[in-house]
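Undergrad: Model the structure of this input:
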Amino acid sequence: MSLAPREKKLLLTLAALSGLAGLRAIWVLASPAPLPAAVAARPAVTARSDFGKSTRRGVQELPKEIAELRLAELESQPRPLMVGRDPFRFGPPPPPPPPPPPTKAELARRRQEEEERRLAAERAAREEAIPKPPPVTLVYLGSFGTEKRRIAVFADAARENLYNVRAGEIIEGKFIVDRIGYESVDLKFVGFPDEPAKRLAIGG
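TA: Okay, here's the model as predicted:
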C-alpha cells in the first residue's frame, strides 16, 4: 500500500515530535536536582581593634587619645605575711599560747640570782657610806732648799695659787706633806691616819 505524499509528511512530523519528546524526558531524568536558593549574604564582620574601638572589615582605627603608661603604679606592694593564719577564717588570728611555767630548777636559779643582786647592792651601799679621803687636786712643781729644810712647791688644780710648804705642814686643810724627795712627794690626808700616803711626781 502506497502512501500519499501528504500522509508521508504527517508521519515524519509525528515521528520527529515523538523523538523530541523522548529526548526531553531523557534530559529531565539525567539532569541534577535544582540547587536551593542562595543564602543571604552575611553582614560585614565587625572586629574590635586593640584600642577598644569597633571597626568593620577588620580595618583598625587609631584612637584620638593615648593614655600614659605609668610603670611605677604597676609594681605591686608586698603584703605582710601572717604565719599560721587560716585564709578561710575571718578575723584576727588567735593569740599565741602562753609560755610553759618555769621548772623548779629555774625557780631556784632565779631566787639565787635575786639574792646575789641584793647582797651586792648592800655591799655597795656600805662602801658608799664609809668616809673616804678627798681626791688629790694639787700639782707638785718641785722643791728647793737644803736636805734638812727642803720646801715643796705645789699649785692648785686651776694653777692660780702656789703653796710653799715643809714636811708636816697642811695644804688647803686636807693634805699633809709627809715626805719631800727630789723628784716626788708623799701626801697624807687629814682625818685619815690609817690611809696610806699618796705619792706625786713632778707635774702630777
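Undergrad: So which residues of this protein form helices?
TA: 5-30, 104-129 (DSSP state H).
Undergrad: Mean pLDDT added to those, as TSV?
TA: Putting those into TSV (pLDDT from 0 to 100) gives the following:
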stretch	mean pLDDT
helix 5-30	74
helix 104-129	92
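Undergrad: I'd like the ones you listed as a markdown table, with mean neighbour count and distance to Pro93 appended.
TA: In this view, the C-beta of every residue, glycine as well, is placed from N, C-alpha and C. Shown next, in a markdown table, are the helices of the chain (neighbours: other C-beta atoms under 10 Å; distance: least, C-beta to C-beta, whole Å):
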| stretch | mean neighbour count | distance to Pro93 |
| --- | --- | --- |
| helix 5-30 | 10 | 88 |
| helix 104-129 | 10 | 29 |
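Undergrad: can you list these in TSV and add distance to Pro97?
TA: What follows is these, written out as TSV (distance: least, C-beta to C-beta, whole Å):
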stretch	distance to Pro97
helix 5-30	97
helix 104-129	19
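Undergrad: And those helices: which comes nearest Ala152?
TA: helix 104-129 (32.4 Å; C-beta to C-beta).
Undergrad: Would you mind pulling up the elements that the closest one packs against?
TA: If you count contacts as 3 or more C-beta pairs under 8 Å, 6 or more residues apart in numbering; DSSP states H and E, helix 104-129 packs onto no helix or strand.
Undergrad: that older thread, between the helices of the chain, which gets nearest to Pro95?
TA: Pro95 lies closest, by C-beta to C-beta, to one member of the helices of the chain: helix 104-129, at 23.6 Å.
Undergrad: all strands for this protein, in order.
TA: For the chain, the strands defined by DSSP state E cover 46-48, 54-56, 139-144, 151-155, 162-165, 170-171, 175-180, 184-189, 198-201.
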